[in-house]
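**Q** Let me see the structure of the following:
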Amino acid sequence: QHNWYVGELYHKFYEYLVDKYGNNNVVYTSMDDLARRFGHTSDTHSLSIFSIYNLIITNKKTNKTFIHSLSDYAPVMMDDNTGILNFDVAAFSCSSNLDENMIHKYSSKYKILPSFYILEHLTDIDFIEQNKKSVRGINKTYFNGLCYNERGIYKKILDSNKYFIFKNKSSSSDFLNKSDYFNEISKYNFGLSINGAAKICYRDVEYFGLGILCLREPLNIITKNPLINDVHYITLLDDDIRSKIYVESEYKYINEKITSKINDITKNNDYYDIINNSRKWYENNCLPINQIKILESFLKDYEIIN
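**A** Have a look, this model is predicted:
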């Protein structure tokens, strides 16, 4: 799919391997063909090992396989019923929803390698570079995303808060094309990130790249290079707040507590190190050239290539 980051990254990685190891040594098989070979079908079904979010690389001499997944539901693909048993898996790599519980559940079966997260579209990188030096100045917290589940509750709570611009991009009045979105968001000092299907989302990576302070829930996923509270982001929606969002009588308390936290952040004005740290994390973990290096290191470490 043109410009879809997952497919574009995997295609770039394939081209890199061909260029480095030779066309005769690197054989490409589409996920459709691979799935049919094992009696499965390939689609966007999130729980199949043959999902188009996955990269499957097998050493034809040893039959050892490395699997990398960029699916939001990646860890559960290590369940026996996903098709994974068709492969002799040397290592499985992902980041979305990979936390200590998932490590504990599956590490006895597979070697699990924490990985990186991504943007939505490949061209988002260009928009980030074009806007990263934009003049900030709006001392508010910006969010524009799909407002389902808990996001919808937070929108209801914070819609009238003067420190927030909270938009629902499924609304025709709030939706922005990518160029306008990045141009608008780059004017704000703070960005709000709320977990979606995964315990991390595109907005985290966008804020890191743009140099906007990321305010969010505790980020407890495991990545190759760890993401740390007060180092790469600030926890705004703490466990106390999260425990109360389903109780409407607590909305006033939540709003006041969040407002107090925002006031503290703006008054202290000592968050520039966090912005710099998150930008470095973005450069090391979210640019295709470095993601390709990470993928290659996994293949070398587990002798898929040598």
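
**Q** so where do the helices sit in the stretch 101-250 of the chain?
**A** Secondary structure of the stretch 101-250 of the chain, counting by DSSP state H, counting those that start in this stretch: helices at 124-131, 150-158, 178-185, 202-210, 239-242.

**Q** Let me have the ones you listed in TSV, adding mean pLDDT as columns.
**A** As requested, the helices of the stretch 101-250 of the chain are arranged in TSV below (pLDDT from 0 to 100):
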stretch	mean pLDDT
helix 124-131	97
helix 150-158	95
helix 178-185	96
helix 202-210	97
helix 239-242	96
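
**Q** and those helices, which is most packed in?
**A** Of all these, helix 202-210 carries the top mean neighbour count, a mean of 25, counting by mean count of other C-beta atoms under 10 Å. The way it works is simple: take the backbone N, C-alpha and C, and place the C-beta from them, glycine included.

**Q** neighbouring contacts of that helix?
**A** If you take C-beta atoms under 8 Å, 6 or more residues apart in numbering as the criterion, helix 202-210 is touched by 117-120, 124-125, 128-129, 131-132, 134, 143, 145, 182, 185-186, 191-193, 212-214, 216, 219, 227, 232-233, 278-279, 281-282, 286.

**Q** Isn't Thr65 up against Leu55?
**A** No - Thr65 is beyond contact range of Leu55, at 10.6 Å (criterion: C-beta atoms under 8 Å).

**Q** From Gly7, how far off is the spatially most central residue of the chain?
**A** Centre of the chain computed as the mean C-alpha position; nearest residue by C-alpha atoms, centre = their mean is Tyr117, 3.7 Å away. Applying C-beta to C-beta, to the nearest Å, the value for Tyr117 to Gly7 is 16 Å.

**Q** what do you get for Asn263?
**A** With C-beta to C-beta as the criterion, Asn263 and Gly7 are 43 Å apart.

**Q** And for Ile185?
**A** 25 Å.

**Q** Repeat that for Ser173.
**A** Distance, Ser173 to Gly7, by C-beta to C-beta: 31 Å.

**Q** who has more neighbours, those two?
**A** Neighbour totals were compared for Ser173 and Gly7, and Gly7 leads with 15 against 6 (other C-beta atoms under 10 Å).
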